[in-house]
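K.L.:
the following block contains a protein sequence and its predicted model.
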Amino acid sequence: MTDFTPTPADRFTFGLWTVGNTGRDPFGEPTRPPLRAPYIVEKLAGLGAYGVNLHDNDLVPIDASAAERDRIVAEFRQALSDHGLVVPMATTNLFSDPAFKDGAFTSADAQVRAYALQKTMRSMDLGAELGAHTYVFWGGREGTEVDAGGKLLSALGWFRDSLNFLAEYSEAQGYGYRFALEPKPNEPRADIFLPTVGSALGFIGTLDRPDLFGVNPEFAHETMAGLNFAHAVAQALDAGKLFHIDLNDQKMSRFDQDLRFGSENLKGAFTLVKLLEDSGYDGPLHFDAHALRTEDEAGVWAFARGCMRTYLILKDKARQFDADPEIQAALAEYHRADEELAALSRFTPENAASLKERTFDRAALGRRGLGLEHLDQLTNDLLFGIR
Ligand code: GCO
Ligand code: MN
Ligand code: MN
């Protein structure tokens, strides 16, 4: 048993915007002062994180001069190298500036769409300079309130054209980015385009270079849509499209809470950790969450430590789950394999004919109890720490 202290080998990352969150919300002013990026790097490294991610404007103000930009980036790179942190993922802020009030790539205004392309190319340059290999697109303002505006179909076309353009830009520059679309159903727009992981996966198939695109699912976002996050992640894994992941927590049917990982739905978090670990996913484990508005700076680092600690504890629980004889017996009882039937279920005309003739004891199948109540309570006991 370890003491659950993370190391860079655990691949935990945070965004500058996450631990840097000042506690501002739509009803109240910040409750904490902003933290400088090099300081965040130092603190995260001290806690055992692996990397730090950013939007362009988390680091460089939108109106910075070229000289200011270069100075800020140089200071940040120095902090990264001093403290041994990497930048695995970068993204663009296409939602804060009033110019993006009706979307960026899906704005009805061609000037805004072109400006969004320009801003994203510059942000991709910055990410590449910092060594990022994954580029996230979260379409925060890509949506509508007024569907009478009539852009539902054209918006998807504009979105596709922009992503195709940016993928070509990345290839032409030799950046080699893999792009990850991050779905969210609503907030800050009433309805955001590509609202779920399933929608994003479907859309990727319509792009010119689908091989360069995957998803960045977020626990809070699928939960807001009333969906089961682990199911969404499983579908992304099945499609070979889990390029990145945003870990946090959330109560269903609420605003985007971005809670500390595992703080709300512990069993959902366990299912997720087990799924990720069993799948061999080896990308960054990114916490897109922030400390509660009630917290001071000490609370911010308690929050960050808590995210990583919970992941590591649940990873250990997943190992115990696999090693627990009673749990494994319950699983063996539940999963009934049959090699003859598996062979028969591969289509040939003969197999089809023989399957059609076969007799099944339907009543017996219906009578069989599956033992899932028992299995689930064993899982609870494991999570409670009494097994
Ligand atoms: C949100 C999103 C963002 C994105 C970020 C990077 O709901 O606010 O989750 O935090 O993840 O913009 O893509
Ligand atoms: Mn979120
Ligand atoms: Mn996110």
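P.N.:
Sure, I can see it. Ligands and ions are numbered 1, 2, ... in the order given.

K.L.:
all strands of the stretch 251-387 of the chain, in order?
P.N.:
Secondary structure of the stretch 251-387 of the chain (DSSP state E, counting those that start in this stretch): strands located at 285-287.

K.L.:
tell me which residue of it lies closest to ligand 3.
P.N.:
Using Cβ to the ion, residue 288 is the residue of the stretch 251-387 of the chain that sits closest to ligand 3, at 3.7 Å. C-beta coordinates here come from the backbone N, C-alpha and C atoms, glycine included.

K.L.:
okay, now residue 308: neighbour count?
P.N.:
Burial of residue 308, expressed as a neighbour count using other Cβ atoms under 10 Å, amounts to 24.

K.L.:
quick one: name the residues of the chain near ligand 1.
P.N.:
Residues of the chain found near ligand 1 (Cβ under 6 Å from any ligand atom) are 91, 136, 138, 182, 184, 218, 246, 256, 288.

K.L.:
show the backbone phi and psi for the spatially closest residue to the third one that is not a sequence neighbour.
P.N.:
If I follow you right, that is residue 138. Nearest non-adjacent residue to residue 138, counting by Cβ to Cβ, 6 or more residues apart in numbering: residue 182, 3.9 Å away. As for residue 182, its main-chain torsions (degrees, to the nearest 10) stand at phi -110, psi 110.

K.L.:
break this protein into its domains for me.
P.N.:
8-317, 325-384 (automatic domain parsing).

K.L.:
which positions in the stretch 201-350 of the chain make contact with ligand 2?
P.N.:
Where proximity means Cβ under 5 Å from the ion, the interface of the stretch 201-350 of the chain facing ligand 2 comprises 220, 256, 258.

K.L.:
span of stretch 289-305 from start to end?
P.N.:
With Cα to Cα, to the nearest Å as the measure, the ends of stretch 289-305 fall 12 Å from one another.

K.L.:
which parts of it are buried?
P.N.:
Burial within stretch 289-305, assessed by neighbour count using 16 or more other Cβ atoms under 10 Å, is assigned to 289-293, 295, 299-301, 303-305.

K.L.:
which residues does residue 162 contact?
P.N.:
Applying Cβ atoms under 8 Å, 6 or more residues apart in numbering to residue 162 gives the contacts 105, 113, 116-117, 120.

K.L.:
verify the stated contact: residue 260 with residue 249.
P.N.:
Yes: under the criterion of Cβ atoms under 8 Å, residue 260 is in contact with residue 249, at a separation of 6.4 Å.

K.L.:
got any residues that touch both of the two?
P.N.:
Listed as contacting both residue 260 and residue 249 by Cβ under 8 Å, 6+ apart are residue 289.

K.L.:
circling back: would you point out the most distant pair within the contacts of residue 162?
P.N.:
113 and 120 (10.8 Å; Cβ to Cβ).

K.L.:
those two - which one has more neighbours?
P.N.:
The neighbour comparison of residue 113 against residue 120 (other Cβ under 10 Å) goes to residue 120, with 24 against 18.

K.L.:
burial measure for residue 230, as a count.
P.N.:
Taking other Cβ under 10 Å as the criterion, the count of residues near residue 230 is 21.

K.L.:
and it, what helix or strand is that in?
P.N.:
helix 229-238 (DSSP states H and E).

K.L.:
same for that helix, what does it pack against?
P.N.:
Applying 3 or more Cβ pairs under 8 Å, 6 or more residues apart in numbering; DSSP states H and E, one finds that helix 229-238 makes contact with helix 197-204, helix 219-224, helix 266-279.

K.L.:
got the contact list for the residue nearest to residue 242 when sequence neighbours are not counted?
P.N.:
For residue 242, the nearest residue in space outside its immediate sequence neighbours is residue 236; the separation is 4.3 Å by Cβ to Cβ, 6+ apart. Neighbouring residues of residue 236 by Cβ under 8 Å, 6+ apart: 197, 201, 214-215, 217, 242.

K.L.:
show me the shaky parts of the stretch 1-150 of the chain.
P.N.:
Confidence mapping of the stretch 1-150 of the chain against pLDDT under 70 gives the ranges 1.

K.L.:
quick one: residue 322 from residue 278, how far?
P.N.:
As judged by Cβ to Cβ, to the nearest Å, residue 322 and residue 278 stand 9 Å apart.

K.L.:
what's the closest residue to residue 265 other than its chain neighbours in contact with, if anything?
P.N.:
Closest residue in space to residue 265, ignoring its immediate chain neighbours: residue 249 at 6.0 Å, by Cβ to Cβ, 6+ apart. Applying Cβ under 8 Å, 6+ apart, one finds that residue 249 lies in contact with 219-220, 257, 259-265, 269, 289.

K.L.:
list the contacts for residue 203?
P.N.:
Applying Cβ under 8 Å, 6+ apart to residue 203 gives the contacts 156, 159-160, 181, 194.

K.L.:
same question for residue 183.
P.N.:
The contact partners of residue 183, taken as Cβ under 8 Å, 6+ apart, are 192, 194-197, 199-200, 215, 217-218, 221-222.

K.L.:
and the buried ones among those, selectable in PyMOL?
P.N.:
To isolate the buried subset of these in PyMOL, counting by 16+ other Cβ under 10 Å, use the following:
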select buried, resi 192+194+195+196+197+199+200+215+217+218+221+222
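
K.L.:
nearest to ligand 3, of the contacts of residue 183?
P.N.:
The shortest separation between ligand 3 and any of the contacts of residue 183 is 4.2 Å, and it belongs to residue 218 (by Cβ to the ion).

K.L.:
how far away is the nearest residue to residue 264 once chain neighbours are set aside from ligand 3?
P.N.:
In space, residue 264 comes closest to residue 249 once its chain neighbours are excluded; the distance is 4.2 Å by Cβ to Cβ, 6+ apart. Residue 249 sits 12 Å away from ligand 3 when distances are taken as Cβ to the ion, to the nearest Å.

K.L.:
picking that back up, residue 132: which of the residues of the stretch 201-350 of the chain next to ligand 2 is nearest?
P.N.:
Taking Cβ to Cβ as the measure, residue 132 lies nearest residue 258 of these, at 21.6 Å.
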